[in-house]
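Visitor: Below are the sequence and a predicted model; questions follow.
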Amino acid sequence: MKAIRVAQLIWAALLFLGVLFDALAMELVATQTLLVFVLVYVVTSLLTLGRNRIIWATALAMPVVLSATAAVNSLLVTKDPSLYLNSRVVAYVVVANAFLFLLPCLILLRLFWRHRVELRALFNLADQRAA
């Protein structure tokens, strides 16, 4: 499970720096929601050093949400190219952005799958303590 912790900390830090750079380069209002979302992910990644099941569930939600968003954006580009007839560059940026977000998320999801037995034990241990 150390691999998940390290990968999440690195990905959260890189994501935070990227969003912060975007917020400083453009309007903060445009990226305010994403910045809050990423801050929650950074804090969650730091808290995964413990064994709290709510934190681990939250840490799993972030790669799922980001990969779903990237997949939907890519699907929209391929399904309705009329949206991007005026500017082909937008289509390339959307697809490149999807791969940029999708690759680390897929790595994290693979790590979660690889350590699913340990994670399941973590959730069962928390259930046994509550009973």
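Guide: Okay, I see it.

Visitor: which element is Val6 on?
Guide: Secondary structure from DSSP states H and E places Val6 in helix 2-25.

Visitor: quick one: buried residues of that helix?
Guide: Residues 4, 7-8, 11-12, 15-16, 19, 23 are the ones in helix 2-25 that count as buried (16 or more other CB atoms under 10 Å). In short, each C-beta sits where N, CA and C put it, glycine included.

Visitor: Report all helices and strands that it contacts.
Guide: helix 32-47, helix 88-114 (3 or more CB pairs under 8 Å, 6 or more residues apart in numbering; DSSP states H and E).

Visitor: ok, residues contacting the shortest one?
Guide: If you take CB atoms under 8 Å, 6 or more residues apart in numbering as the criterion, helix 32-47 is touched by 5, 8-9, 11-13, 15-16, 19-20, 23, 28, 55, 58-59, 62.

Visitor: Could you work out the most separated pair of the buried residues of helix 2-25?
Guide: Ile4 and Ala23 (27.4 Å; CB to CB).

Visitor: lowest average confidence, helix or strand, in this structure?
Guide: helix 116-130 (a mean of 73; mean pLDDT, DSSP states H and E).
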